[in-house]
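Chemist: need a structure here:
(one chain, ligands or ions: 1)
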Amino acid sequence: MSTSPSGAGYVAAIDIGGTKIAGGLVSADGALHNKVERPTRAGAEDPDEVFAEVADVVALLAADPRWAGVDRVGVGSAGPVDITAGTVSPVNIRAWRDFPIVQRVQRLPQIAGLPTVLGGDAVAMTAAEHWRGAARGFANALCLVVSTGVGAGLVLNGRVYPGPTGNSGHLGHITINLDGELCPCGSRGCLERVASGTAIAAWAKAQGWRPSADSGPDASAAAVAEAARAGDSIAAAAFDRAGRALAAGIAATATLVELDVAVLGGGVLRSGELILGPLRRHLTAYATMPFTRDIVIRAAELGTDAGLIGAAALALTEG
Ligand SMILES: [Zn+2]
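Modeler: The predicted structure is shown next:
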């Protein structure tokens, strides 16, 4: 069984990240119209300076004739979020700590109190992939965003499960190595410290891999992927290790809540089978209980639009 968002008119969707603030109008069929973007003033000291870009995004959207059909607002944000309080404290936006984003958006003259639903960015991506993407039709799904960090969200029994404060499914910060390195979150041996793009590049460098001269100083996961494709064994091992960590995390989640599908997106997934191949291979070693063996592994389908489409999905189902 699966429930999907339904409704008429448009949702004004806003996606707040550490580098950009995006907006768009999403129709009831899940199509994204008139996408606009502003840079995030992540280094600003004044919370209002950051919010001014959100206000600009809304003003740009409100100039669209379809704005007359907007009857609700969905806001997805980098976390942590608190959907009960309506506040966000994005790690990479230092001026915003417990920033009352829902109240501030509702006070914008163009929005004037319209129902406004907040979600974390990984939960929004999950809602998007379940509505229109790779998790469509699956009742129990884990959707992961593997980029500079590892975010994730859950669909349980056909519904997105944000949890009480909106942070459920925070897979990047489960411990996969009891004695692993300290994580900025305060814990130790977190999945994110092995499987994120940042971690893939850092590990490869620590093992002696160096970007080729013509790729410059860039040691991102994309450069490691390029080296792995060219036959570099350290680079390939970095992806194998990340795939193994993701496999362990997915298997643990499947063992905990029973999953039909795991969907993976984010920048690291541009490496395709370099990460998915090892992930599938290692999954057979970790997903061993009978009810975990048949989990389907899929690549995400919605790319960078998932944040906006997902924010709209949350507004349609939770609002
Ligand atoms: Zn952590």
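Chemist: The ion contacts on the stretch 151-300 of the chain?
Modeler: Within the stretch 151-300 of the chain, the positions lying close to the ion (Cβ under 5 Å from the ion) are 173, 183, 185, 187, 190. No exception for glycine: its C-beta is placed from N, CA and C like everyone else's.
Chemist: Among the residues you listed, show me the least confident.
Modeler: In terms of pLDDT, the lowest of those is residue 185, showing 90.
Chemist: Just say helix, strand or coil for that one.
Modeler: coil (DSSP: H, G, I helix; E, B strand; the rest coil).
Chemist: show me the contacts for it.
Modeler: Each residue near residue 185 by Cβ atoms under 8 Å, 6 or more residues apart in numbering is listed here: residue 173.
Chemist: if we can go back for a sec, of the residues of the stretch 151-300 of the chain next to the ion, keep whichever come out buried.
Modeler: Among these, the ones that count as buried by 16 or more other Cβ atoms under 10 Å are 173, 183, 190.
Chemist: What backbone torsions are found at the last one?
Modeler: The main-chain torsion angles of residue 190 are listed as degrees, to the nearest 10 and equal phi -70, psi 150.
Chemist: Distance of the residue nearest to it when sequence neighbours are not counted relative to residue 147?
Modeler: Distances taken as Cβ to Cβ, 6 or more residues apart in numbering put residue 183 closest to residue 190, at 4.1 Å, once the chain neighbours are dropped. The spacing between residue 183 and residue 147, counted by Cβ to Cβ, to the nearest Å, is 16 Å.
Chemist: And for residue 247?
Modeler: From residue 247 over to residue 147 (counting by Cβ to Cβ), the distance is 18 Å.
Chemist: Same drill for these two, tell me which one is more crowded.
Modeler: Each of residue 247 and residue 147 has its neighbours counted (other Cβ atoms under 10 Å); residue 247 has more, 24 against 17.
Chemist: Do me a favour and get the end-to-end distance for stretch 15-25?
Modeler: 12 Å (Cα to Cα, to the nearest Å).
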